[in-house]
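K.L.:
Sequence and predicted model, in that order:
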Amino acid sequence: MTTDLSKLPPVDPEVPNAARMYDYFLGGSHNFAADRAAVERITAVMPFATQVIHANRYFLGRAVRFCVREGIDQFLDLGSGIPTVGNVHEAARETTPTARVAYVDNEPVTVASAAALLDGDPLTSITAADLRDPDDVLAASGVRDLLDFSRPVALLTLSVMQFVHDDAEAAGLLAEYRSRLAPGSLHALSHVTGDHDAAELSAAEDEYRSTANPGLLRTREQVAALLGDVELVEPGIVDVTEWRSEDMVGEQHRGMWAGVGRIG
């Protein structure tokens, strides 16, 4: 299932975009020269930026596998980016071949690339929508027709809420999504922070201001507020390198808080 690509807005290849930059950080090819130049500027002021991005990707895999072990076989991935190597449906299907994944993003190249990558897979979808509109997201055919909201769903919001700058709005949006999910659902979240390596993270934040998606650093307390009243699973809110980190080896640079909580 894919979104209607004819409805996608035009792309300005001269303006760096966070989703395409993320793709480049991960070694992908779905990006433009402006995206690559922006990443190079960020790594110049934050040399370990690529390590942080990869650590977040590893967390994604661990969180998905945890959700599967908890009996969840359907996922709603908001701000998903391009589902390339280490994606949600691959991680989930390591043990649950029938896992369903609804990807949602609002960046045209990301959506078009995902549509091509997911073509022929009836258990995945890509929807072009803005997570700031939960009604639109949840009513989209790629979400509504793929996921059964009478059963638990894993809500994934990884490295995306920094693009919603108002704290109250960000918390309210996530609370609204969680309110639509069945008891037993899980919410996995990661978010950039300046609590560690503050100078480098602040410099990277400055660089993001010249992109289409300025990001916002949040403290651990602010990230905790985004998770609201969920019941946090162990080890609680920790750096992405420390959340059940069986696949992280050696010292890692820190830069993102992460947590997973039970809903209802």
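P.N.:
Received, thanks. Numbering: from 1, shown residues only.
K.L.:
Contact partners for the closest residue to residue 201 other than its chain neighbours?
P.N.:
Using Cβ to Cβ, 6 or more residues apart in numbering and skipping the chain neighbours, the partner closest in space to residue 201 is residue 194 (4.2 Å). For the C-beta atoms, the positions are set from N, CA and C on the backbone; glycine is no exception. The contact partners of residue 194, taken as Cβ atoms under 8 Å, 6 or more residues apart in numbering, are 201-202, 205, 217, 219.
K.L.:
any idea how far residue 194 is from residue 187?
P.N.:
Per Cβ to Cβ, to the nearest Å, residue 194 is found 23 Å from residue 187.
K.L.:
what does residue 89 give?
P.N.:
From residue 89 to residue 187 the distance is 19 Å (Cβ to Cβ).
K.L.:
more crowded one of the two?
P.N.:
residue 187 (26 against 19; other Cβ atoms under 10 Å).
K.L.:
Which parts of the protein are helices?
P.N.:
Ranges of helices in the chain, per DSSP state H, are 18-25, 33-45, 49-69, 88-92, 108-118, 134-139, 141-144, 167-179, 198-208, 220-226.
K.L.:
Deepest in the core, which of those is it.
P.N.:
Highest mean neighbour count of the helices of the chain: helix 18-25, a mean of 24 (counted as mean count of other Cβ atoms under 10 Å).
K.L.:
Next, the angle from that one to helix 33-45.
P.N.:
Following axes from the mean of the first three to the mean of the last three Cα atoms, to 10 degrees, one obtains 70 degrees for the angle between helix 18-25 and helix 33-45.
K.L.:
what's helix 18-25 packed up against?
P.N.:
helix 33-45, helix 49-69, helix 108-118 (3 or more Cβ pairs under 8 Å, 6 or more residues apart in numbering; DSSP states H and E).
K.L.:
For these, give me JSON lines that also has distance to residue 237 and mean pLDDT.
P.N.:
Putting the helices and strands packed on helix 18-25 into JSON lines (distance: least, Cβ to Cβ, whole Å; pLDDT from 0 to 100) gives the following:
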{"stretch": "helix 33-45", "distance to residue 237": "25", "mean pLDDT": "97"}
{"stretch": "helix 49-69", "distance to residue 237": "12", "mean pLDDT": "94"}
{"stretch": "helix 108-118", "distance to residue 237": "28", "mean pLDDT": "90"}
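K.L.:
Residue ranges in this structure under the pLDDT threshold?
P.N.:
1-8, 246-253 (pLDDT under 70).
K.L.:
Now do the same contact list for the residue nearest the centre of it.
P.N.:
Centroid-nearest residue in the chain, with Cα atoms, centre = their mean: residue 158, separated by 2.9 Å. Applying Cβ under 8 Å, 6+ apart to residue 158 gives the contacts 56, 59-60, 63, 77, 79, 188-190.
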